[in-house]
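Enquirer: Quick one, structure for this:
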Amino acid sequence: MADSVEGGHGPLAGILTGLEWAETHVPHSTWLASFATDAPFVPLNMVARLFEAVAQQPSAQIALATSGGRVHPVFALWRVDLAEDLRQAVAVEGLRKVMAWVERYNSIHVDFSDAQIDPFFNINSEADLAEAERLILKVKSL
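Expert: Numbering: from 1, shown residues only. Reported below is the predicted structural model:
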């Protein structure tokens, strides 16, 4: 599926596309989960933990995963009703930075530092792939 806005707006365009898809195809949906596709170690319970966090803080509009002191904004839950605001930010304002948009809203962070390895490690090169293979062997040996 192509992004709903043209111009290579990066992850925000993908999040917008997902939010707008949810509005159209699942009209009673409240939340959309997003992930990077090059991260092989995403916790299987990530969405559940993000949902638990927003259930405890009902004013939250976005829940972001963190680990090792870093925010991972692509690994998140987004309120579907933010779609129109995000379209304005991306298509009209030309906003591209995820955290610049997130800062406009009530967001919460959910820490995943309890994992044996960085759960949001992503593979962008052959060296990263080799490191992922090493990490898999390390976890298997524990």
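
Enquirer: So which residues of the chain form strands?
Expert: 31-34, 62-67, 70-79, 107-111 (DSSP state E).

Enquirer: Same list, the ones you listed, but as CSV with mean pLDDT and distance to Phe121 please.
Expert: Backbone N, C-alpha and C define where each C-beta goes, glycine included. Listed next are the strands of the chain as CSV, based on pLDDT from 0 to 100; distance: least, Cβ to Cβ, whole Å:
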stretch, mean pLDDT, distance to Phe121
strand 31-34, 97, 17
strand 62-67, 97, 9
strand 70-79, 97, 10
strand 107-111, 98, 16
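
Enquirer: Quick one, which of those strands gets closest to Gln56.
Expert: Among the strands of the chain, strand 107-111 comes nearest to Gln56, with 8.7 Å by Cβ to Cβ.

Enquirer: Need the pLDDT of Pro11.
Expert: In this model, Pro11 is scored at 88, pLDDT.

Enquirer: Show the contacting residues for it.
Expert: Going by Cβ atoms under 8 Å, 6 or more residues apart in numbering, Pro11 touches Ser34, Pro73, Val74, Val98.
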